[in-house]
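Engineer: I need the structure of the sequence given here:
(one chain, ligands or ions: 1)
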Amino acid sequence: MASISVLARTLIFNHSTKRFFSPFKPLSSPFLLQCATKTTCALQQSRRNVIEILEERGLVESITSDALRAACSSPVKVYCGFDPTAESLHLGNLLGIIVLSWFHRCGHSSVALIGGATARVGDPSGKSLERPELDAESLEKNTVGISNTIERILGRGRNPNSVGSDLSVVILNNYDWWKEFSLLDFLKRVGRFARVGSMISKESVRKRLESEEGISFTEFTYQLLQGYDFLHLFQNEGINVQIGGSDQWGNITAGTELIRKILHVKDAYGLTFPLLLKSDGTKFGKSEDGAIWLSPKFLSPYKFYQYFFSITDDDVIRFLRVLTFLDIEEIVALEGEMTKPGYVPNTAQRRLAEEVTRFVHGEEGLAEALQATEALRPGSGTKLDWKSIEGIAEDVPSCSLAYEEVLNLSLVDLSVSSGLFESKSAARRLLKQGGLYLNNSRVDSEGKRIEAADIVDGKVLLLSAGKKNKVLVRIA
Ligand SMILES: Nc1ncnc2c1ncn2[C@@H]1O[C@H](COP(=O)(O)OP(=O)(O)OP(=O)(O)O)[C@@H](O)[C@H]1O
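Structural biologist: Take a look at the predicted model:
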């Protein structure tokens with residue numbers, strides 16, 4: 001068990017020093033100089049009130065008090081929590097990371113909290129059933145995975161030679177303060193101040209109480225754990241703002257209520273942002289099929305890029321506002337372009353895909369995605385390699401054939417036995433029209449037979465009928 005907290009501490013001290021715990025320092029000038037050259041000028045942004053920016057982009061659902069606006073005219077410390085219930089974060093979680101980043105860009109300090117303790121309890125918010133218990137090994141693996149992702153995304157662009165003040169994020173783990181908290185201490189220090197009436201009225205609890213299954217005492221207490229986290233962070237780290245998706249409202253206000261009752265102060269604030277929904281109204285999450293994972297281990301940068309590239313025209317502007325840091329004027333201009341004659345289809349989608357992929361996977365990830373996109377474009381003539389083909393392997397139908405079966409087989413026969421065409425005549429027809437590709441190169445000769453050199457890295461061939469239909473032939 002101890003290893004989780006050790007790991008979180010290691011992450012903190014790897015890129016911060018004890019100076020992190022000293023009072024907030026404004027961003028150092030190297031940061032401002034570095035960012036002044038970027039599209040979204042950090043210097044300009046840092047002068048604006050972060051709440052105003054978030055509202056303009058549709059990233060504010062509710063705030064606990066209007067006084068938060070005035071509070072944000074001086075540096076604040078903000079945190080967002082993530083329970084390690086999967087090895088990777090997903091697109092829905094990216095909103096929390098983006099809001100943390102906006103705070104940082106505006107001169108505030110950001111903290112990502114890994115819920116090593118809360119994941120053992122299970123947040124009932126938005127869940128119709130009790131969450132399954134996670135074993136220690138999975139929790140540890142998930143903690144490492146999520147911490148790495150946050151560190152990779154928010155740690156990028158930081159000046160590697162400086163310590164403390166220009167960190168874009170610090171990662172903490174709530175298991176550090178919960179692991180030694182006894183039940184008696186909890187009842188005395190927290191439970192005594194929590195009103196059951198208020199706890200029951202939270203939407204997450206009310207909904208579950210109305211359900212057939214009800215809610216366990218364990219999940220019922222979740223809001224107090226998250227509430228106490230806020231109090232602990234307020235007292236010990238000077239964190240005065242908590243953010244989360246709108247499903248976190250009850251847990252966040254549990255924190256501000258506890259702080260008010262126990263510490264008798266009102267200057268702790270909460271902010272929620274709207275949940276990112278698909279066009280069918282369902283939430284992006286890890287529980288849904290086909291989650292958009294942020295870790296390249298679960299979704300390649302190529303597929304991540306392609307997801308945004310394929311967003312519908314109806315959704316693209318909304319996504320540009322919430323998922324990118326592009327100037328709002330640029331987004332409005334793009335929206336205007338979309339309705340004009342001469343607009344090149346997918347221009348807005350390309351911009352969205354580039355910006356989000358760069359933020360999540362860095363310049364190298366974006367370069368990898370663009371390279372694979374180009375390489376896998378039929379007719380590009382780019383020499384294919386195994387890595388690019390791997391990037392699309394899951395999205396493309398495939399079949400396995402023995403090397404001896406494939407070698408010397410006519411391309412027309414192979415396109416039928418691989419399932420690309422139903423008949424040889426259909427294959428021949430497209431070939432004559434110039435629409436049949438082997439490894440992205442157009443094939444003109446009906447007599448073309450497969451040679452050893454056509455088998456990419458001795459493992460695979462890619463057949464394409466036109467731009468969209470592809471089949472992977474794997475060598476068994
Ligand atoms: N679709 C979404 N849009 C915006 N925020 C989201 C979305 N999904 C999750 N979040 C936010 O991410 C943070 C972490 O949430 P959490 O760990 O519960 O993720 P989750 O995917 O919703 O979990 P689960 O799928 O198990 O319900 C919370 O602040 C939550 O509100």
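
Engineer: so what's the residue of the stretch 101-250 of the chain found nearest the ligand closest to, chain neighbours aside?
Structural biologist: Among all residues of the stretch 101-250 of the chain, G245 sits closest to the ligand, at 2.1 Å; criterion: CB to the nearest ligand atom. Heads up, the C-betas are built off the backbone N, CA and C, glycines and all. Closest residue to G245 apart from its sequence neighbours, by CB to CB, 6 or more residues apart in numbering: L275 at 5.1 Å.

Engineer: What values do phi and psi take at the one you found?
Structural biologist: Dihedral pair for L275: phi -70, psi 140, per degrees, to the nearest 10.

Engineer: how about it, what does it touch?
Structural biologist: L275 makes contacts with 92, 245-247, 283-284, as judged by CB atoms under 8 Å, 6 or more residues apart in numbering.

Engineer: Sitting in strands, which of those residues do you find?
Structural biologist: When those are checked against strands (DSSP state E), the matches are G245.

Engineer: so which of the contacts of L275 is the most crowded?
Structural biologist: G245 (22 neighbours; other CB atoms under 10 Å).

Engineer: Buried residues, stretch 277-293. List them.
Structural biologist: Residues of stretch 277-293 classed as buried by neighbour count (16 or more other CB atoms under 10 Å): 284-286, 291-293.

Engineer: Stretch 313-332 too?
Structural biologist: Quick answer for stretch 313-332 (16+ other CB under 10 Å): 316-326, 331.

Engineer: and stretch 278-291, how far apart are its ends?
Structural biologist: 11 Å (CA to CA, to the nearest Å).

Engineer: so how far is that stretch from its chain's centroid?
Structural biologist: Offset of stretch 278-291 from its chain centre (CA atoms, centre = their mean, to the nearest Å): 13 Å.

Engineer: tell me the mean pLDDT over it?
Structural biologist: For stretch 278-291, mean pLDDT rounds to 78.

Engineer: can you check stretch 138-150 too?
Structural biologist: Averaging the model's pLDDT scores along stretch 138-150 yields 97.

Engineer: Would you mind writing the CA trace of that stretch as CSV?
Structural biologist: Extracted in CSV, the C-alpha atoms of stretch 138-150 (Å, rounded to 0.1, in the frame of the first residue of the first chain):
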residue,chain,number,x,y,z
SER,A,138,-4.6,-2.1,-10.1
LEU,A,139,-4.8,1.1,-8.0
GLU,A,140,-1.0,1.3,-8.1
LYS,A,141,-0.9,0.7,-11.8
ASN,A,142,-3.6,3.3,-12.4
THR,A,143,-1.9,5.8,-10.2
VAL,A,144,1.3,5.6,-12.2
GLY,A,145,-0.6,5.7,-15.5
ILE,A,146,-2.7,8.8,-14.6
SER,A,147,0.2,10.7,-12.9
ASN,A,148,2.4,10.1,-16.0
THR,A,149,-0.3,11.5,-18.3
ILE,A,150,-0.9,14.6,-16.2
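
Engineer: hmm, it touching the ligand?
Structural biologist: No. Contact of stretch 138-150 with the ligand is not found when judged by CB under 6 Å from any ligand atom; the minimum separation is 8.9 Å.

Engineer: Quick check: buried residues in that stretch?
Structural biologist: Within stretch 138-150, the residues that qualify as buried are 139-140, 142-150, counting by 16+ other CB under 10 Å.

Engineer: Contact residues of the chain facing the ligand?
Structural biologist: 82-83, 85, 90, 92-93, 95-96, 123, 126, 244-245, 247-248, 275-276, 283-287.

Engineer: Cross-reference these with the helices and report the matches.
Structural biologist: 92-93, 95-96 (DSSP state H).
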